[in-house]
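Colleague: Sharing a sequence plus its predicted fold:
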Amino acid sequence: MRVSVLQENLAKGLAIVGRAVATRSTLPVLNNILLETEHAQLKLSAMDMEIAINCWVGAMIEDEGRITVPARLLTDFVNSLPKERIDMVLQPRTQTLHLRCTHYEANIKGIDANEFPIIPTYQGDMEAPSVEVAPNKLRRMIDQVAFAASKDDSRPTFTGVYTHLEGDKLTMVATDGFRLAVRSTLLEEPASTGMGVIIPARTLSELARIIGALNLSDEEGVELIFSQARNQIMFHMPGVDLISQLIEANFPDYRKIIPTSYNTRAVVDSHEFLNAMKVADLFARDAARSVKIALEPGQPGKIVLTATSAELGDNVTEIEAMIEGDAMHATFNSKYMIDVLSVIETPQVAFEAVSATRPGVFRPVGGSPEDEYVHVIMPMSPR
């Protein structure tokens, strides 16, 4: 293998695939990145048995070849180089990759590429069901949902995002048992078949990161390809494929969790509510993130946030709101409230509740009719 590539292009490619490198694998080759020539480009691949990433980098190919080299060493070395051309030559007999960039040279010992597991690549004519979503829309959907998935591996179902296709509607749902996020959007073209799969939340977070790194325009759609036969999903983007295992489980009927009515509804400035909650959280951190919320009707109505710390003191914040229905007092987790308010994109948000012991519901006010978002949070026991 004899390849020349620009340092900034290689560094960007390594950053994209690097997050898929295994960190605690019993297979040493999974600590490496696979470099191979393909279609007059340099292909970088990494996998950790849950997700895999292929990335193609523009390069000048003199001789074909493939090798795997330690990911961390290669990435750190390339990131230390000037933004000049890097020449790479593989010495097949010793499985050593020689790199040269201006006055920097290195020999990195690798492992035979034949030991690296085979990663599927996009074929373009796959028979598996697929849909295309605008990258920025998909990234916003992920940002509004993935954080609500559980971090507890003992409940694998809840560590994923239930992704449901039905006609021209794509819905993503995540819950950790204390909160529920549901985000749906309309597709430009309907799916050929309806289905529901559970995608690891980590996979979607990596996808959002890659979309941001590639800086894709909305004309460059992200294709979602569902391969149920292999229990995998592939996200195909210009120059990058992300492949992930799916979680085999039955997701609970989330529709039953969303309240269909309310006794009290407050419409409030989203940014003001978020800022008030962040202030309350300063005092709630030592009190299990417990914040008391009072919805008080009137002309104008108001929302009163109260947080108390036995050691630090207390905080009371009032913000104006349009409130209909009964007065209500309830206690909620400040972190959960901040998480959802941070991803509300509309200037105003509605907060609905039935009683102090029933879930509170957030809904954006005045958003696009084709984009629906509902976020449900369970109240805490009053302290």
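Modeller: Perfect, I can see it now.
Colleague: Strands of the stretch 1-150 of the chain, start to end?
Modeller: Assigned by DSSP state E, counting those that start in this stretch, the stretch 1-150 of the chain shows strands spanning 2-6, 32-38, 41-47, 51-58, 60-63, 66-70, 85-91, 96-101, 104-109, 130-133.
Colleague: Mind listing the strands the helix or strand harbouring Val376 pairs with, and their directions?
Modeller: Per DSSP states H and E, Val376 falls inside strand 371-377. Partner strands for strand 371-377, per DSSP bridges, with pairing direction: strand 179-186 (antiparallel), strand 360-365 (antiparallel).
Colleague: which residues are in contact with it?
Modeller: 137, 144, 148, 178-186, 257-259, 332-333, 336-337, 340, 344, 359-364, 367 (CB atoms under 8 Å, 6 or more residues apart in numbering). (C-beta placed from N, C-alpha, C; glycine too.)
Colleague: one step back: and the strands of the stretch 1-150 of the chain as CSV, adding distance to Ala213 and mean pLDDT?
Modeller: CSV is the format used below for the strands of the stretch 1-150 of the chain (distance: least, CB to CB, whole Å; pLDDT from 0 to 100):
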stretch, distance to Ala213, mean pLDDT
strand 2-6, 16, 97
strand 32-38, 16, 96
strand 41-47, 13, 97
strand 51-58, 10, 96
strand 60-63, 23, 96
strand 66-70, 22, 97
strand 85-91, 20, 97
strand 96-101, 22, 97
strand 104-109, 24, 97
strand 130-133, 17, 90
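Colleague: Could you dump those strands into TSV and include mean neighbour count and distance to Ser244?
Modeller: Shown next, in TSV, are the strands of the stretch 1-150 of the chain (neighbours: other CB atoms under 10 Å; distance: least, CB to CB, whole Å):
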stretch	mean neighbour count	distance to Ser244
strand 2-6	19	27
strand 32-38	23	18
strand 41-47	23	10
strand 51-58	22	5
strand 60-63	13	29
strand 66-70	22	21
strand 85-91	18	29
strand 96-101	18	28
strand 104-109	14	29
strand 130-133	18	15
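Colleague: where in the stretch 251-383 of the chain is pLDDT low?
Modeller: 382-383 (pLDDT under 70).
Colleague: Can you tell me which of the contacts of strand 371-377 are buried?
Modeller: Buried subset of the contacts of strand 371-377 (neighbour count, 16 or more other CB atoms under 10 Å): 137, 144, 148, 179-185, 257, 332-333, 336-337, 340, 344, 359-364, 367.
Colleague: just the CA coordinates of stretch 237-246, formatted as CSV?
Modeller: The C-alpha coordinates for stretch 237-246 follow below in CSV (Å, rounded to 0.1, in the frame of the first residue of the first chain):
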residue,chain,number,x,y,z
MET,A,237,-24.3,9.6,4.5
PRO,A,238,-22.0,11.1,1.9
GLY,A,239,-18.6,9.5,2.7
VAL,A,240,-19.7,7.8,5.9
ASP,A,241,-21.6,4.7,6.9
LEU,A,242,-22.7,4.0,10.5
ILE,A,243,-23.8,0.5,11.2
SER,A,244,-25.4,-0.6,14.5
GLN,A,245,-26.8,-3.6,16.2
LEU,A,246,-30.4,-3.3,17.2
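Colleague: next one: it to chain centre, how far?
Modeller: Distance of stretch 237-246 from the chain centroid (CA atoms, centre = their mean, to the nearest Å) equals 13 Å.
Colleague: Mind listing what's buried along that stretch?
Modeller: Met237, Gly239, Val240, Asp241, Leu242, Ile243, Ser244, Gln245, Leu246.
Colleague: from those residues, which ones fall inside strands?
Modeller: Met237, Val240, Asp241, Leu242, Ile243, Ser244, Gln245 (DSSP state E).
Colleague: quick revisit: out of the strands paired with strand 371-377, the one nearest Thr75 is which?
Modeller: Thr75 lies closest, by CB to CB, to one member of these: strand 179-186, at 33.3 Å.
Colleague: Let me know the average pLDDT across the closest one.
Modeller: On average, the pLDDT along strand 179-186 is 96.
Colleague: what's next to it, contact-wise?
Modeller: 133, 137, 141, 144-145, 147-148, 168-175, 254, 257-258, 336, 339-340, 370-378.
Colleague: Got the domain ranges for this structure?
Modeller: Using automatic domain parsing, the domain ranges for the chain come out as 2-115, 130-250, 258-377.
Colleague: Dump those to JSON lines, plus distance to Gln123.
Modeller: Output for the domains of the chain, formatted as JSON lines (distance: least, CB to CB, whole Å):
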{"stretch": "domain 2-115", "distance to Gln123": "12"}
{"stretch": "domain 130-250", "distance to Gln123": "9"}
{"stretch": "domain 258-377", "distance to Gln123": "31"}
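Colleague: What separation is there between the most centrally placed residue in the chain and Pro238?
Modeller: The centroid of the chain falls nearest to Ser205 when counting by CA atoms, centre = their mean (1.9 Å). Plainly put, Ser205 is 20 Å away from Pro238 if you go by CB to CB, to the nearest Å.
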